[in-house]
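Undergrad: what shape does this take:
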Amino acid sequence: KHRFTGLFGFTQTYNTVASEYMETADFDIETAGYEGLHYGQNPNRPVVDMKKKVMKSYIGRVNYNLGDTYNFTVSMRADGSSVFVKNQWGYFPAAAFGWNIHKETFMENAEAISNMKLRMSYGQTGNAGVPFYASTSVYQDAFYVLGTSPTAVTGVANSNIADRDLRWEFTDQFDIGFELGLFDD
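TA: As a prediction, this is how the structure comes out:
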């Protein structure tokens, strides 16, 4: 009459985006293509960019069924994302209830009703869809002209304003449903 089932798991996702940029001009040998970049007489400084983020998730769900009439489900998901500094973890609960009304004893004489079910659920989901390193300061190359010299000097500059208080976006959802099947559905 009583039946419990459960599911527990762990996932981990790595996301890496890498790019390289090289430029040069004034080639003595123009037919060498990409492999001949070193033949250019006026090379610019190469730019290499690599961005990484990691998401870890722990998930769990427990189902309880009482005599095929009442169904209860409770689940929890804990997600941790490297895109957040202070608020790395978000916790997202959910619960559902189902009542198979047609299995109740007071429905035994309702021959025309083959299925009658009431369902309700509530759940919360999260979103960590923010750009790479939005919650930390990131520096990039910057070129400055000092004095009257036409030659630029290389330095670094902050490329974003860090928001260390960025956090998970939460969405709540509540659903209710009713099923009715007549004359063997």
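Undergrad: CA atoms for contacts and neighbours, from now on please.
TA: Will do.
Undergrad: tell me the phi and psi of the most centrally placed residue in the chain?
TA: Note on the chain: the residue nearest the mean C-alpha position is residue 128, at 5.2 Å, using CA atoms, centre = their mean. Listed backbone geometry of residue 128 is phi -120, psi 30, with angles given as degrees, to the nearest 10.
Undergrad: just give the nearest non-adjacent residue to it, would you?
TA: Leaving aside its chain neighbours, residue 128 sits nearest to residue 168 (5.6 Å; criterion: CA to CA, 6 or more residues apart in numbering).
Undergrad: residue 18 now?
TA: Spatial nearest neighbour of residue 18, chain neighbours left out: residue 50 (4.3 Å); criterion: CA to CA, 6+ apart.
Undergrad: all strands for the chain, in order.
TA: Ranges of strands in the chain, per DSSP state E, are 2-21, 47-66, 70-81, 89-100, 113-127, 139-145, 152-158, 169-182.
Undergrad: relative to strand 113-127, how tilted is the third one?
TA: It stands for strand 70-81. In terms of direction (axes from the mean of the first three to the mean of the last three CA atoms, to 10 degrees), strand 70-81 departs from strand 113-127 by 20 degrees.
Undergrad: now the angle from strand 70-81 to strand 89-100?
TA: 170 degrees.
Undergrad: list the contacts of strand 70-81.
TA: 53-65, 88-100, 128 (CA atoms under 8 Å, 6 or more residues apart in numbering).
Undergrad: which strands border that strand, and is each parallel or antiparallel?
TA: Strand 70-81 pairs in its sheet with strand 47-66 (antiparallel), strand 89-100 (antiparallel), by DSSP bridges.
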